[in-house]
Each structure stands twice: as structure tokens, then as C-alpha cells.
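Chemist: how would this look folded up:
(one chain, ligands or ions: 2)
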Amino acid sequence: MSPVLRIAVQKKGRLANGSMKLLEQAGLSISPNPGALTCRAQGLPIELLFVRDDDIPSLVAKGVCDLGIAGENVLREEALEGPGEEALLTVRPLGFSRCTLKLAAPRDGNIKSIEDLQGCKIATSYPQILESFLKEHNIEADCVTLKGAVEIAPALGLSDAICDLVSSGATLAANGLTDFATVMKSQALLIRSNTVWDEAREALLARLLRRIDGVIASRATKYIMLNAPKEAIDDITALLPGADAPTIMPLVGRDDQMAVHAVCRETIFWDTLEQLEARGAHAILVLPIEKMMG
Ligand code: PRT
Ligand code: ZN
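Modeler: Ligands and ions are numbered 1, 2, ... in the order given. Just a heads-up that it's a prediction; the model follows:
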């Protein structure tokens, strides 16, 4: 019987959209019935399980799901909580749901650095990560664990400082808080169980990973096309960011001009386009790449 890989993904929240988008870009067609907790994808033999993000590490560790997409912050907290970290392996960092676990305190208060936390109360949803960070910095402080709305804790007199996830910083600002230290950076990770899989299951994972790698590689990669004077071609190709072997072709009826096409593996900034133009490049087009392989 051919295997079906079961992947645990967040049902709703800050990981859900990125997870679905990645899997869809990897060629899966996913249309769950409203309210359904599982969905068989079309395109590859894969079944999705829609759950709360906090349950993903243990579902994968217990082998209920083969793979999962979870935040690095949740995985680190779980790993520090107890044995079982060896039950999970990180397969790929996925580059979305990026955030930073930060220490912050009231803007007009006295806490401005890690040293100022000595003897303080700190509210967080990540007590294990925070405690290990404080230990590393030789700080003795009380952790107050809250499941959510951590930013309100200082105003309620529950804590002197907080340790919480920040992405735009708007929530800190809205609650009169300023961050002063980074505890960890986080992003979505693809995880798998650390058990022996049969060959067919490994082959299916390898196929999915090739596609995921193609999607990730294509995110920063652009295709650039331009025309340029023959004598400027060396200068111009040297300016193309992360392009290893550009294609250079003659232009019909223009002996003095060449066309340059290249895959650029790094961001092409407006600055670069201006420099290209200054060297005589024209008709410059920068195109997104949808998929990459090989
Ligand atoms: O219901 P379920 O349990 O599945 O979801 P949840 O409510 O526990 O988690 P969710 O969806 O909020 O976050 C899921 C994961 O997304 C987290 O574990 C992180 O890995 C990642 N992530 C990325 C974030 C943020 N960005 C984020 N900004 N998780 C939470 N936040 C919160 C933060 O706690 C704070 O309250 O957003 C607020 C700050 O946002 P800014 O933009 O104002 O700085
Ligand atoms: Zn959660």
C-alpha cells in the first residue's frame, strides 16, 4: 500500500496562512470542508490535520502525524519543558511567521537593560525559555506565566517587565512598553518525528522537500532581462546580484547591443537598477519566479 504522509498544521492563526500557502505552492490542492479537522490533499498523497499550534510538537513526537509546521518558539519551550526533544527533528526552516521573543518594560520606568531585571517580576507565555535566558545572564527574577495578553501585565501591576513575541512592535507601543533585549528569534519550522520511516515514506518526504526547497529558493530569486551596449556587458553582468551564468544573446538588427538574461538569487534593489541604467542598460525587466528545480 502506498503511504500517506500526515502533516499537522495550525487550523487558524499566525502560522495557518503561511503553512497553507507553502503547501499549495508545493503543488498540493487543499480544500477542506468547513469545520473539518482533516483534509486529504490532491497532488501528492498527503493528509492535513488542522490543530492548535501548541499541540503540533506532541502530535509529531507521538507519531500521530509524520510532519508538522510549528513556531520555533513553541518547539524550544516544549523541548526545555521536559524529555522528548529527541523525538523531533527539524527538517527545514520555512522563513515565514518570523517574530522575536523580546524583553520589554514600561517606557517611563527604571528597567532599561537585562541587569535591571534582578529581583523583578516578568510576565511571559514562555517560562522555560525565559528561565533559561535569565540563568544564562545570572539574573534572579520571578516568572509570572500568562497564556495571553502579556503586554497588559505591567499596567495591571502583575509584573515589572514582560517577555513576549514581537513582530511589528505595535502592541508594545500601544501598551506603553519599550523592548530592551532579544531572547530568541523565531520562524516557522517543518518538523518530523525522529523515528525510522519505511523507504516509501522517506521517498515521499524527499519529493515534498524538493518542491518546498524550490518554493523557498524562488522567493528571493528574480529573473532579470535587459538590453545593453556590447562594450558594457562585463560591467553589467558583474552588477547582477547572485547571478552565476547569465545568458547573453545578440539583438536582431542591433550589432552594438546585446540582450542579457539572468537568474538573480539575491534581492535586486532599485539602486542596482539605477547603476545598470547608468552603464547603458535599457528595457530592464525584473520578473518573479514561481517555481525552481534543478
Ligand atoms: O489558536 P492557536 O493556539 O493555534 O494559536 P495561538 O493564538 O497560540 O498562536 P498565534 O496564531 O498567535 O501564533 C502562532 C505562532 O506564530 C507563534 O507561536 C509564533 O511562532 C508566530 N508569530 C509570529 C507570532 C507573532 N508573529 C506575533 N506577533 N505569535 C504571536 N504574536 C503576538 C504576540 O504574542 C503579541 O501579542 O502578536 C502580538 C505582537 O504583535 P506586533 O505585530 O504588535 O508586534
Ligand atoms: Zn497556541
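
Chemist: got the confidence number for the closest residue to ligand 2 within the stretch 151-294 of the chain?
Modeler: Nearest residue of the stretch 151-294 of the chain to ligand 2, counting by Cβ to the ion: Leu165, 11.1 Å away. Using the backbone N, CA and C atoms, a C-beta is placed for each residue, glycine as well. Note on Leu165: pLDDT of 98.

Chemist: before we move on, what about Pro83?
Modeler: In this model, Pro83 carries a pLDDT of 63.

Chemist: ok, back up a step: so what's the residue of the stretch 151-294 of the chain closest to ligand 2 up against?
Modeler: Contacts of Leu165 were listed using Cβ atoms under 8 Å, 6 or more residues apart in numbering, and they are Asn73, Cys99, Thr100, Leu101, Lys102, Ser186.

Chemist: how about low-confidence regions in this protein?
Modeler: 1, 83-85 (pLDDT under 70).

Chemist: any idea how far the residue of the stretch 51-200 of the chain found nearest ligand 1 is from Leu189?
Modeler: Closest residue of the stretch 51-200 of the chain to ligand 1, Cβ to the nearest ligand atom: Gly71 (2.2 Å). In this view, Gly71 and Leu189 are 8 Å apart by Cβ to Cβ, to the nearest Å.

Chemist: among the contacts of Leu165, which lie within helices?
Modeler: Residues of these located in helices (DSSP state H): Asn73.

Chemist: list just the nearest of the contacts of Leu165 to Phe50.
Modeler: Nearest to Phe50 among these: Asn73, at 20.2 Å, using Cβ to Cβ.

Chemist: leaving out the residues flanking it, which one is nearest to the closest one?
Modeler: Closest residue to Asn73 apart from its sequence neighbours, by Cβ to Cβ, 6 or more residues apart in numbering: Ser186 at 4.2 Å.

Chemist: list the buried ones in the helix ranked longest in the chain?
Modeler: Secondary structure of the chain per DSSP H: the longest helix is helix 199-220. Using 16 or more other Cβ atoms under 10 Å as the test for burial, helix 199-220 gives Arg201, Leu204, Leu205, Leu208, Arg211, Ile212, Gly214, Val215, Ile216, Ser218.
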